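>>> no sequence for this one, just the structure:
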């Protein structure tokens, strides 16, 4: 196999004309440059230079290989520039996961922000529930995950996973707007209601079951869907009530109003990355941007 450094020496010889000039530019000895070029000629198995007076002239084979040497130099220069950008955190492609409301309210603005910034950070998105996202992160299928937990069901980081808290939001009680304004907010007064819920086994359904258990009853679940817009449409239709995070309020149709439940529940939002990725500058820049955008979403006034 041809030595890449020797090919670049051949390209330098074509450009500069003499071994002495190559040696001077590279701060090497002329004998050292000659030895490297002789070794390249042995590797190639054909003459690469020929004497023309006091100068060396490249043969046809030498000229062809010198072209490849120039190409290698250009590729290495580009690689070094890209490496500088990677070290600075301004270049990279990352695959992230987010739960549905975070995908809509955080990741969509993130994509727009990265495009408008004109940088070379890019993201691919998988929409996953938190438990699935953490598993994908541990398996190396994604680079970061926006996840959530609830104040009545806290989440701990598995071994090898680093969690950074982005903030929290209230969970609100969605009821039909036909209810009188003075309707009581304690969840124990809702034990007779039909409930909209997330699918079995999800963190969102476990939050509902825990909140109702704390209030002293088991909810009668009429609908199971992860789509909050469907839950809220059914609340508006008078099918029942729901506990939804405030991020979902923007999906509410006419006919729904929101109350603060008692006991109160909050949803904590965090970004998870592998501890082995903590030194990745591009990922760090991406997480910092996610944190900035999440703060804007999570700092809205609470629903009264």
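Nice, thanks for sending it over. The structure presented is a predicted model; accordingly, all values stated were derived computationally and were not measured. Numbering: from 1, shown residues only.
>>> element containing the residue nearest in space to the middle of the chain?
The structure's the chain has its C-alpha centroid closest to residue 96; by Cα atoms, centre = their mean the separation is 3.5 Å. Assigned by DSSP states H and E, residue 96 belongs to strand 91-98.
>>> Which other helices and strands does that strand contact?
helix 60-88, strand 120-127, helix 130-138, strand 144-150, helix 281-298 (3 or more Cβ pairs under 8 Å, 6 or more residues apart in numbering; DSSP states H and E). Yep, even glycine has a C-beta here, placed from its N, CA and C like the rest.
>>> Quick one: these as a markdown table, columns for distance to residue 226 too.
Output for the helices and strands packed on strand 91-98, formatted as a markdown table (distance: least, Cβ to Cβ, whole Å):
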| stretch | distance to residue 226 |
| --- | --- |
| helix 60-88 | 36 |
| strand 120-127 | 10 |
| helix 130-138 | 12 |
| strand 144-150 | 13 |
| helix 281-298 | 19 |
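>>> Packed most tightly, which of those would that be?
Greatest average neighbour count among the helices and strands packed on strand 91-98 goes to strand 144-150 (a mean of 25), per mean count of other Cβ atoms under 10 Å.
>>> elements contacting it?
Using 3+ Cβ pairs under 8 Å, 6+ apart, strand 144-150 is in contact with strand 91-98, helix 130-138, strand 161-176, helix 203-214, strand 266-274, helix 281-298.
>>> Distance check, the residue nearest to the centre of the chain against residue 282.
Here residue 96 is placed at a distance of 12 Å from residue 282 (Cβ to Cβ, to the nearest Å).
>>> Please apply the same query to residue 203.
29 Å.
>>> ok so, going back, which residues does the closest residue to the residue nearest to the centre of the chain other than its chain neighbours bridge with?
Once flanking residues are discounted, residue 96 sits nearest to residue 144: 4.6 Å by Cβ to Cβ, 6 or more residues apart in numbering. Counting by DSSP bridges, residue 144 forms beta bridges with residue 96, residue 273.
>>> what about the nearest residue to residue 59 once chain neighbours are set aside, is that helix, strand or coil?
Excluding its sequence neighbours, the residue lying closest to residue 59 (Cβ to Cβ, 6+ apart) is residue 47, at 5.2 Å. Following DSSP: H, G, I helix; E, B strand; the rest coil, we place residue 47 in the coil state.
>>> before we move on, back to that, check the helices and strands packed on strand 91-98 for me: which has the lowest mean pLDDT.
Lowest mean pLDDT within those: helix 60-88, a mean of 65.
>>> Tell me how far the closest residue to residue 203 other than its chain neighbours lies from residue 179.
Closest residue to residue 203 apart from its sequence neighbours, by Cβ to Cβ, 6+ apart: residue 130 at 5.8 Å. If you measure residue 130 against residue 179 using Cβ to Cβ, the figure is 32 Å.
>>> Could you report the separation of the residue nearest to residue 261 when sequence neighbours are not counted from residue 217?
Nearest residue to residue 261 in three dimensions, chain neighbours excluded: residue 173, at 4.3 Å (Cβ to Cβ, 6+ apart). Distance of residue 173 to residue 217, computed by Cβ to Cβ: 14 Å.
>>> For those two, work out which one has more neighbours and name it.
residue 173 (24 against 15; other Cβ atoms under 10 Å).
>>> Tell me if I'm right that the more buried one and residue 185 touch.
Yes - if you go by Cβ atoms under 8 Å, residue 173 and residue 185 touch, sitting 6.7 Å apart.
>>> so what sits against both of the two?
259, 260, 261 (Cβ atoms under 8 Å, 6 or more residues apart in numbering).
>>> check contacts around the last one.
So the one you mean is residue 261. Each residue near residue 261 by Cβ under 8 Å, 6+ apart is listed here: 171, 172, 173, 185, 186, 187, 211, 243.
>>> what about the fifth one, distance to residue 261?
Meaning residue 186. With Cβ to Cβ as the criterion, residue 186 and residue 261 are 8 Å apart.
>>> Let me know the pLDDT of the residue lying closest to residue 163 once chain neighbours are set aside.
Excluding its sequence neighbours, the residue lying closest to residue 163 (Cβ to Cβ, 6+ apart) is residue 157, at 4.3 Å. We note a pLDDT of 85 for residue 157 in this prediction.
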